[in-house]
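Q: okay, sequence plus prediction incoming.
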Amino acid sequence: MIQDFPIPVLGFAAWSGAGKTTLLTRVIPLLRERGLRCALLKHAHHMFDIDHPGKDSYALRKAGAEQVLIASRRRWALTVEDERDNDPALRDLLSHLDATRADLVLVEGFKGERMPKLEIHRPSVGKPLLYPDDPDIIAVVSDTPLPTSLTQLDIDDPAAVADFIIAFQRAHTPR
């Protein structure tokens, strides 16, 4: 269960093109400045690749290694080949994160998973709001005022979004 994860988990849900990644790249530095250590779990399309042809790790994985752990002094990454044809469950992916190295997990995508979420909505994307049908959405971040009783945050005010996230993290951190 996501509720059993030892640190708070907060999703960023939206239709493609609404600005989830852009917002996160503006908010994460503010959270870090305020002392919050963030882990991030991002949903990607099914054939994403963090490695590239011509690199040794790519050649070793293509040769048949089912797990490739590439490491340097400052960074490491584990790539695991998964033969399933469906997305892994969020709770399974969370188990790969080291909760002792973060205060909060931000999740980009996985909008169908059950967890507290911020909805990022831009009417110009031409898609409907998610919150009326998703009871896990706790606030909406938009460039337009919306008819909702949920907390609304301005997408162009990342400091206000960071404040909301910090309050969420403090309220949901086990004591």
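A: Cool, the structure landed.
Q: against Thr173, how distant is the residue most central in space within the chain?
A: The centre of the chain sits closest to Val107, judged by C-alpha atoms, centre = their mean, with a distance of 1.9 Å. As judged by C-beta to C-beta, to the nearest Å, Val107 and Thr173 stand 17 Å apart. The C-beta positions use only the backbone N, C-alpha and C, and glycine is treated the same way.
Q: can you check Phe5 too?
A: Counting by C-beta to C-beta - Phe5 and Thr173 are separated by 11 Å.
Q: the more surrounded of these two?
A: Phe5 (16 against 12; other C-beta atoms under 10 Å).
Q: which residue packs closest to the more buried one, ignoring adjacent ones?
A: Excluding the flanking residues, the one nearest Phe5 by C-beta to C-beta, 6 or more residues apart in numbering is Leu94, at 5.3 Å.
Q: coming back round to it: need the phi and psi values for the closest residue to the residue nearest to the centre of the chain other than its chain neighbours.
A: Using C-beta to C-beta, 6+ apart and skipping the chain neighbours, the partner closest in space to Val107 is Gly11 (4.3 Å). Backbone torsions of Gly11, given as degrees, to the nearest 10, read phi -90, psi 150.
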